[in-house]
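Visitor: Curious how this folds, go ahead:
(one chain, ligands or ions: 2)
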Amino acid sequence: MTRHLITSAIPYINGIKHLGNLIGSQLPADLFARYQRARGQEVMFLCATDEHGTPAELAAAKAGQPVADYCAEMHGVQAEIARGFRLSFDHFGRSSSPQNHRLTQHFAGRLAEAGLIREVSEKQVYSNADGRFLPDRYIEGTCPNCGYDRARGDQCENCTKQLDPTDLVEPRSAISGSTDLEVRETKHLYLCQSDMRDQLNDWIDSKADWPILTTSIARKWLNDGDGLQDRGITRDLDWGIPVKKGDADWPGMEGKVFYVWFDAPIEYIACAGEWAEANGKSEADWERWWRTDKGAADVRYTQFMGKDNVPFHTLSFPATILGSGEDWKLVDYIKSFNYLNYDGGQFSTSQGRGVFMDQALAILPSDYWRWWLLSHAPESSDAEFTWENFQASVNKDLADVLGNFVSRVTKFCRSKFGEAVPEGGVWGPREDALIGDLTRRLRAYEAHMEAIEVRKAAQELRAIWVAGNEYLQDAAPWSTFKQDPEAAAAQIRLALNLIRFYAVISSPFIPDACDQLMRAMQSDDTAWPEDVKAALEGLAPGHGFSVPDVTFRKITDDERAAWQEKFAGTRD
Ligand SMILES: Nc1ncnc2c1ncn2[C@@H]1O[C@H](COP(=O)(O)OP(=O)(O)OP(=O)(O)O)[C@@H](O)[C@H]1O
Ligand SMILES: [Zn+2]
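Guide: Ligands and ions are numbered 1, 2, ... in the order given. Predicted structure coming up:
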């Protein structure tokens, strides 16, 4: 048995996530976790909300709430929506947890002892009216590049140029609007990533099996200009993890917090501690997933994320782990994704453009979305969500192929043989051929799932559903029945068993529908079909079943048109 530690990039707290976020991280991670559990492996699947940083503070201010309250509420909202999409996290934690505070301070202390943190004096904008420094988005002004008058301290939204707060012309505070600003010297901590460049380079070089998307982004930053840059890991903010060396104060760093990108990945580890606390487990119980000196040596760790998160996971976080000199588990495989775009443009949380997870669930059950998103995952290039494509895939794959098979088989059996698996007849060459075909396809499906080739796995699964339909079409039990009811019974016995077989193997993609099919087949035998023939004899003659309600319905043209119009603009 393999032990799989699986983490999804942790979604930022400042709003409900869109379908791009979902397919770029949480959903494929869930697919992999469900698959490994179905294969009998031990899985620890963790995710959390990413709660620190200026966007959270500003979103809370906009909502008129203290930032801690805002984050607690939004965490609840995101957790509820994750349940709606059947994301099977073992724990959905929070980067603001006490566990993450302790661990982040611990790592900073270890890195300082190892000489991997240096103090840098830098110039920052200070607002006299607000009595504070104005990092990143706390400052607005005119872009020196394009003249846009609402550029922010970290970036101009108009021309996309990356800025520093001191670059802005006629700067003002985003909090009070005050222009009574001055540039002051302040000290910050930098993680000496450049000292670890060779070590990181060797580590990346050893990952020959990683997706090119992952390694190419890592190499770009390793070799960019003068090579890997040191990164500021502290900020002048109130909300965040106070800068400390372990549990000791850090002289000169009073009132500062760690930068969100320093503490966010550490939450992957802290989240396991939160899981232990929430489930009455011990320290040893979570450390056996994370400490190679405490039982995690045989763990395989896989991370899932969109491409913009790759530098932090291939360089910064490994630098933190390696630099600590402690035996923490390093990631074994990083599955990264390109972007899913929305109907000719980009999904955008800040502009409210696209379909958001709550809106998706309000119009259709999660399986419809899971199937479309996973079967169109942006793996080799960016992908695009269009309503036409969504309608076509759902109607064809889910309604016409899978749903129709279930409905025809169960209804035909009920009308001719009653609501139990019929007895009589034997299987012949046609059934042998089908079993041979299904066996080959199932092994291919397993290989794609192991390799986390999401689209290929979906294609193979669809082909397995199609094979059942073709068999049914070819065997035509409704005609056979007229001359040879026994032969028709054997065909339908196979087809009913195929429904259970489908429910078992499709469950990582469409778990609710599969639960429904298992109930209809009155079976709780979810064992993975190692031997396809044996699996197709699992439901013996006389085993009861019921005709399920419509498994998947079709999306009408009117619905498609209405949704297209409803989601054409932006959400407020
Ligand atoms: N359009 C997209 N397609 C696929 N993955 C995406 C897309 N946009 C963001 N992601 C990924 O979603 C995950 C969660 O992202 P996060 O909550 O940090 O939002 P984000 O990257 O700020 O995106 P946005 O501002 O659009 O919400 C990350 O792994 C990110 O790389
Ligand atoms: Zn600009």
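
Visitor: which bits of the protein sit near ligand 1?
Guide: Taking CB under 6 Å from any ligand atom as the measure of proximity, the chain contacts ligand 1 at 9, 11-12, 17, 20-21, 23-25, 305-306, 308-309, 337, 339-340, 347-349, 378. No exception for glycine: its C-beta is placed from N, CA and C like everyone else's.

Visitor: Let's see which of the residues you listed end up in strands.
Guide: 305, 306, 337, 340 (DSSP state E).

Visitor: Now for the residues you listed: which two are most distant?
Guide: Using CB to CB, the pair of those lying farthest apart is 305 and 340, separated by 13.5 Å.

Visitor: can you count the residues close to residue 53?
Guide: 25 (other CB atoms under 10 Å).

Visitor: That one reaches residue 260, doesn't it?
Guide: Yes: between residue 53 and residue 260 there is a contact under CB atoms under 8 Å: 3.6 Å.

Visitor: List only buried entries from the residues of the chain next to ligand 1.
Guide: Buried members of those, counted by 16 or more other CB atoms under 10 Å: 9, 11-12, 17, 20-21, 23-25, 305-306, 309, 337, 339-340, 347, 349, 378.

Visitor: Of the residues you listed, which belong to helices?
Guide: 20, 21 (DSSP state H).

Visitor: Could you list the residues in contact with stretch 194-213?
Guide: By CB atoms under 8 Å, 6 or more residues apart in numbering, the surrounding residues in contact with stretch 194-213 are 116, 193, 214-215, 218-219, 222, 227-230, 307, 310, 314-315, 318-319, 322-323, 330, 333-338, 379.

Visitor: what's near enough to touch residue 510?
Guide: 367, 370, 371, 398.

Visitor: Sorry, slip of the keys, the one I care about is residue 505.
Guide: By CB under 8 Å, 6+ apart, the contact set of residue 505 is 38, 442, 445, 461, 464, 528, 529.

Visitor: and the two most separated of those residues?
Guide: 38 and 464 (14.8 Å).

Visitor: Pick out whichever of those two has more residues nearby.
Guide: residue 464 (22 against 17).

Visitor: Quick check: mean pLDDT of stretch 84-95?
Guide: Here stretch 84-95 scores 98 as its mean pLDDT.

Visitor: Likewise for stretch 135-151?
Guide: Averaged across stretch 135-151, pLDDT comes to 92.

Visitor: For that stretch, measure first residue to last.
Guide: Stretch 135-151 has an end-to-end distance of 13 Å (criterion: CA to CA, to the nearest Å).

Visitor: Now it: buried residues?
Guide: Residues of stretch 135-151 classed as buried: 135, 136, 137, 138, 139, 140, 141, 142, 143, 151 (neighbour count, 16+ other CB under 10 Å).

Visitor: and the stretch 1-150 of the chain, which residues reach ligand 2?
Guide: 143, 145, 146, 148 (CB under 5 Å from the ion).

Visitor: ok, which pair from those is furthest apart?
Guide: Taking CB to CB, no two of those sit farther apart than 145 and 148, at 8.3 Å.

Visitor: which neighbours do the two share?
Guide: Residues touching both residue 145 and residue 148 (CB under 8 Å, 6+ apart): 156, 159.

Visitor: could you pull out the helices for the stretch 251-400 of the chain?
Guide: Counting by DSSP state H, counting those that start in this stretch, the stretch 251-400 of the chain has helices at residues 260-278, 283-290, 310-311, 317-324, 357-363, 366-375, 387-393.

Visitor: now the angle from the first one to helix 317-324?
Guide: Same thing as helix 260-278. If you take axes from the mean of the first three to the mean of the last three CA atoms, to 10 degrees, helix 260-278 sits at 70 degrees to helix 317-324.

Visitor: Go ahead and confirm residue 81 touches residue 359.
Guide: No: using CB under 8 Å as the test, residue 81 is too far from residue 359 to be in contact (10.2 Å).

Visitor: Looking at those two now, which is surrounded by more residues?
Guide: Neighbour totals were compared for residue 81 and residue 359, and residue 81 leads with 20 against 16 (other CB under 10 Å).

Visitor: check which helix or strand covers the more buried one.
Guide: Using DSSP states H and E, residue 81 sits within helix 67-84.

Visitor: For that helix, which residues meet the burial criterion?
Guide: 67, 70, 71, 72, 74, 75, 78, 79, 81, 82, 84.

Visitor: Would you mind measuring from the last one to residue 360?
Guide: Per CB to CB, to the nearest Å, residue 84 is found 9 Å from residue 360.

Visitor: again with the first one
Guide: When CB to CB is applied, the distance between residue 67 and residue 360 equals 28 Å.

Visitor: Up against ligand 2, what does the chain have?
Guide: With CB under 5 Å from the ion as the criterion, the chain meets ligand 2 at residues 143, 145, 146, 148, 156, 158, 159.

Visitor: re the thing from before, distance to residue 562 and secondary structure for the residues of the stretch 1-150 of the chain next to ligand 2 - can I get that in CSV?
Guide: As requested, those are exported to CSV (distance: CB to CB, whole Å; DSSP: H, G, I helix; E, B strand; the rest coil):
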residue, distance to residue 562, secondary structure
143, 40, coil
145, 42, coil
146, 39, coil
148, 36, coil
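
Visitor: What does the pLDDT read for the residue in the stretch 301-450 of the chain positioned nearest to ligand 2?
Guide: Closest residue of the stretch 301-450 of the chain to ligand 2, CB to the ion: residue 350 (15.9 Å). With respect to pLDDT, residue 350 scores 79.
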